[in-house]
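A.B. asks: Sequence isn't available, so here's the structure alone:
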């Protein structure tokens with residue numbers, strides 16, 4: 001229903017309105033009489049209430065008319081007073097094509113693709129299950145440019161389709177590496193939960209002891225909030241990762257497997273050296289990212305083309321996508337750019353040609369995609385072509 005960027009913006013704007021309401025919770029539940037919304041809404045602070053309200057509306061999708069998301073935005077007239085909210089809602093309110101299982105989708109929202117990765121999909125299903133209390137850690141690894149960090153797009157999608165899963169993603173920036181110590185990382189995680197940080201333990205001279213105290217503090221903050229908490233730590237590796245930060249991650253992995261923490265918390269490490277962990281190997285599951293196959297790509301292109309207003313020959317478009325793909329790790333980046341261009345072109349042509357009569361959709365689509373620049377230059381050129389086409393049709 002919403003991209004992750006859109007979702008975060010809606011939560012931000014909704015939080016401001018809820019904070020100003022005399023009865024924050026009551027202001028949200030009133031339009032949802034005779035539904036399960038009020039019973040399912042958890043949280044106390046404005047940001048917790050806003051985040052949970054948006055999540056419930058996304059999960060409900062298009063099951064009601066008007067939709068829960070429409071009701072939520074109407075509470076404070078956000079589609080009237082905020083032009084960006086109005087644009088987000090207009091762009092997002094069309095339901096996607098029906099699917100037997102939203103977790104198997106390749107087009108996971110109107111703008112984002114996630115090709116195959118069956119192992120990750122299966123791993124997340126297991127991670128969400130109560131049986132994961134004994135194996136609450138997932139490590140995602142693979143070569144450079146293979147899409148490890150892109151996993152977070154599917155993690156966000158997964159959490160939006162399951163009750164009470166809240167992901168907290170922190171990405172390591174090597175340029176700030178020496179500034180990112182365990183205190184800063186622990187604070188970021190607790191801030192992400194909407195919790196105060198004034199109870200953070202004071203520094204200790206024993207680095208290992210302090211790392212353990214910080215890890216327990218973070219997890220203790222999480223278990224006080226009604227949800228299953230997924231800590232997604234991306235790219236914490238390399239020469240710029242401080243030893244004390246590394247020690248904190250090791251302690252966090254050890255503590256998350258114990259007691260109440262294992263029941264309510266999950267740890268996903270992306271691009272992290274599993275050999276550094278001291279936790280029992282049986283507590284950890286793994287996904288090693290591999291290259292997409294031609295069959296994977298064909299399945300993705302077919303799913304995108306099913307969105308088109310007019311029939312399109314799969315083989316012709318597949319030739320445009322597969323032609324001249326580089327070998328090795330660069331293949332994944334280029335493939336991602338081409339598939340994004342295809343999805344964007346289909347979405348835009350659908351809007352542009354909806355009022356037209358007989359139209360050669362495939363010819364126009366092929367013209368938009370033909371000989372686009374490789375890499376990041378493809379999408380800007382595609383947008384330029386679509387703008388020129390708007391002036392003609």
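C.D. replies: Right, received. Where do you want to start? From a predicted model like this one, the values you see are computed outputs, not experimental measurements.
A.B. asks: so who does the one residue sitting closest to the centre of the chain touch?
C.D. replies: The chain has residue 156 as the residue nearest its centroid, 2.8 Å off, counting by Cα atoms, centre = their mean. Going by Cβ atoms under 8 Å, 6 or more residues apart in numbering, residue 156 touches 4, 167. In short, each C-beta sits where N, CA and C put it, glycine included.
A.B. asks: before we move on, what SS does it have?
C.D. replies: Following DSSP: H, G, I helix; E, B strand; the rest coil, residue 156 is assigned to helix.
A.B. asks: what do you get for residue 260?
C.D. replies: Following three-state DSSP, the label given to residue 260 is helix.
A.B. asks: which residues sit in contact with the residue nearest to it when sequence neighbours are not counted?
C.D. replies: Nearest residue to residue 260, sequence neighbours excluded (Cβ to Cβ, 6 or more residues apart in numbering): residue 223, at 5.1 Å. Counting by Cβ under 8 Å, 6+ apart, residue 223 touches 229, 260, 261, 263, 264, 265.
A.B. asks: Buried subset of these as a PyMOL selection?
C.D. replies: Of those, the buried ones go into a single PyMOL selection, burial set by 16 or more other Cβ atoms under 10 Å:
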select buried, resi 229+261+264+265
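A.B. asks: In the lowest-mean-pLDDT helix or strand in the chain, which of the residues would be classed as buried?
C.D. replies: Ranked by mean pLDDT, DSSP states H and E, the helix or strand of the chain with the weakest confidence is helix 83-92, at a mean of 83. Applying a neighbour-count criterion of 16+ other Cβ under 10 Å, one finds 85, 88, 89, 92 buried in helix 83-92.
A.B. asks: how about CSV for these, with distance to residue 386 added?
C.D. replies: Formatted as CSV, the buried residues of helix 83-92 follow (distance: Cβ to Cβ, whole Å):
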residue, distance to residue 386
85, 25
88, 20
89, 22
92, 20
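A.B. asks: Determine which two of those residues are furthest apart.
C.D. replies: Across the buried residues of helix 83-92, the longest distance by Cβ to Cβ is 10.5 Å; it joins 85 and 92.
A.B. asks: Show me what secondary structure element comes after the one helix or strand residue 218 maps to.
C.D. replies: Residue 218 is part of helix 207-223 when elements are defined by DSSP states H and E. Later in the chain than helix 207-223, the nearest helix or strand by DSSP H and E is strand 228-234.
A.B. asks: what is the orientation angle of the next helix or strand after that next one with strand 228-234?
C.D. replies: Counting by DSSP H and E, the next helix or strand C-terminal to strand 228-234 is helix 243-255. Angle, helix 243-255 to strand 228-234, by axes from the mean of the first three to the mean of the last three Cα atoms, to 10 degrees: 150 degrees.
A.B. asks: mean confidence score for helix 243-255?
C.D. replies: Helix 243-255 comes out with an average pLDDT of 95.
A.B. asks: chain center to that helix, what's the gap?
C.D. replies: In this view, helix 243-255 has its centroid 25 Å away from the chain centroid, taken as Cα atoms, centre = their mean, to the nearest Å.
A.B. asks: which intervals of the chain have sub-threshold pLDDT?
C.D. replies: 1, 95-100, 355-358 (pLDDT under 70).
A.B. asks: who does the helix ranked longest in the chain touch, helix- and strand-wise?
C.D. replies: For the chain, the helix that runs over the most residues, judged by DSSP state H, is helix 330-353. Using 3 or more Cβ pairs under 8 Å, 6 or more residues apart in numbering; DSSP states H and E, the elements in contact with helix 330-353 are helix 294-305, helix 314-322, helix 361-369, helix 378-390.
A.B. asks: what about the first one, distance to the chain center?
C.D. replies: Mean-position distance between helix 294-305 and its chain equals 21 Å (Cα atoms, centre = their mean).
A.B. asks: do the same with the longest one
C.D. replies: Relative to its parent chain, helix 378-390 has a centroid offset of 27 Å by Cα atoms, centre = their mean.
A.B. asks: which parts of that helix are buried?
C.D. replies: 378, 379, 382, 385, 386, 389.
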